[in-house]
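Colleague: predicted model and sequence below, questions to follow.
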Amino acid sequence: MDVSTLNKEKGDHISGIDRGKVVMYGLSTCVWCKRTKKLLTDLGVDFDFIYVDRLEGKEENQAVEEVRHFNPSTSFPTTVINGEKAIVGFKEKEIREALGFQG
Amino acid sequence: MDKVYKRLNNQVEKSGYHLNPDIEFTKDLVRGLLANEQRYGYWSCPCRLSANNLEEDLDIVCPCYYRDPDLNDYGACYCALYVSDEVIRGERSVESIPERRPPKEQRDAERAEEKKRAEVIESMEFTGKLSKPVWRCKVCGYLCAMDEPPGICPICKAKKERFERFM
């Protein structure tokens, strides 16, 4: 999903250090999603976030399909790195390591 | 918001459960619940995607059907709004846990099966075996034998539609 076409409330691009294509699918009401977004922001990496609960219709279906592809239980947050690896939940250590940060 | 938090906290403590002692974290979740009430009309779980349809979301109306098993296994519900005694005593810490709710296809199949089972039970003759049908609250497990389930669960305050015919 191209976040540049979305209303900023629904999703946005955060500029930062290039550690590959990082997309966080989350819900605006979920505190674990908030923590994940904060972690990515604090790490200063370049990433997109999408608040799936604020999408509707086709946009929502597309985002849900994208999440399901990596995480069949379609739970949030799901952080997809380079369209290959998905980290489900707020897993600080895993996210740090997957983005090349140690400890 | 503060009022809702206080009321919820009182209610929860009275029924033997505990909200997450991290008050900021918990208030954020309560904000999420109120946002969902506005959007969908019911307290859909803030950490799960609502279908905007009560029948489909009945299992994730807070407190969800997965709360108690998650409290037993992980010391917290999926959102970590509710935590166990061990967490309150500081013997266990809370973290993001795996999703227990089955995928949509499985939930749809289970609902269809439940409906069928309810119809079969409905058509069975109870006289002689049981004088009344038995209803089970799917949130807290409360059982009662009455012609109809109560409007509100006397134990956990869940609404009538969250009861299932048990026997």
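Modeller: Received, thanks.
Colleague: hey, let's count contacts and neighbours off CA atoms from now on
Modeller: Noted.
Colleague: show me which residues of chain A sit near chain B.
Modeller: Contacts of chain A with chain B, taken as Cα under 8 Å from any Cα of the partner chain, map to A:27-32, A:52-53, A:72-76, A:89-91.
Colleague: and those, which of them are in helices?
Modeller: Residues of these located in helices (DSSP state H): A:31-32.
Colleague: are any of the residues of chain A next to chain B buried, and if so which?
Modeller: Neighbour-count burial (16 or more other Cα atoms under 10 Å in any protein chain shown) applied to these gives A:27-32, A:52-53, A:73-76, A:89-91.
Colleague: of those residues, closest to B:V4?
Modeller: Nearest to B:V4, judged by Cα to Cα, of those is A:T29 at 16.3 Å.
Colleague: now do the SS call for the residue most central in space within chain A.
Modeller: Central residue of chain A (Cα atoms, centre = their mean): A:M24, 0.1 Å from the mean position. What DSSP: H, G, I helix; E, B strand; the rest coil gives for A:M24 is strand.
Colleague: what about chain A, any weak spots by pLDDT?
Modeller: The model of chain A has pLDDT under 70 over residues A:103.
Colleague: please enumerate the strands of it.
Modeller: Assigned by DSSP state E, chain A shows strands spanning A:11-14, A:22-26, A:47-51, A:78-81, A:85-88.
Colleague: deepest in the core, which of these is it.
Modeller: strand A:22-26 (a mean of 25; mean count of other Cα atoms under 10 Å in any protein chain shown).
Colleague: biggest helix in chain B, by residue count?
Modeller: Assignment by DSSP H gives helix B:104-123 as the longest helix of chain B.
Colleague: give me the next element, helix or strand, following that helix.
Modeller: The element immediately downstream of helix B:104-123 (helix or strand, assigned by DSSP states H and E) is strand B:134-137.
Colleague: what domains does the record give for chain B?
Modeller: Listed domain ranges for chain B are B:1-89, B:134-165 (source: the TED database).
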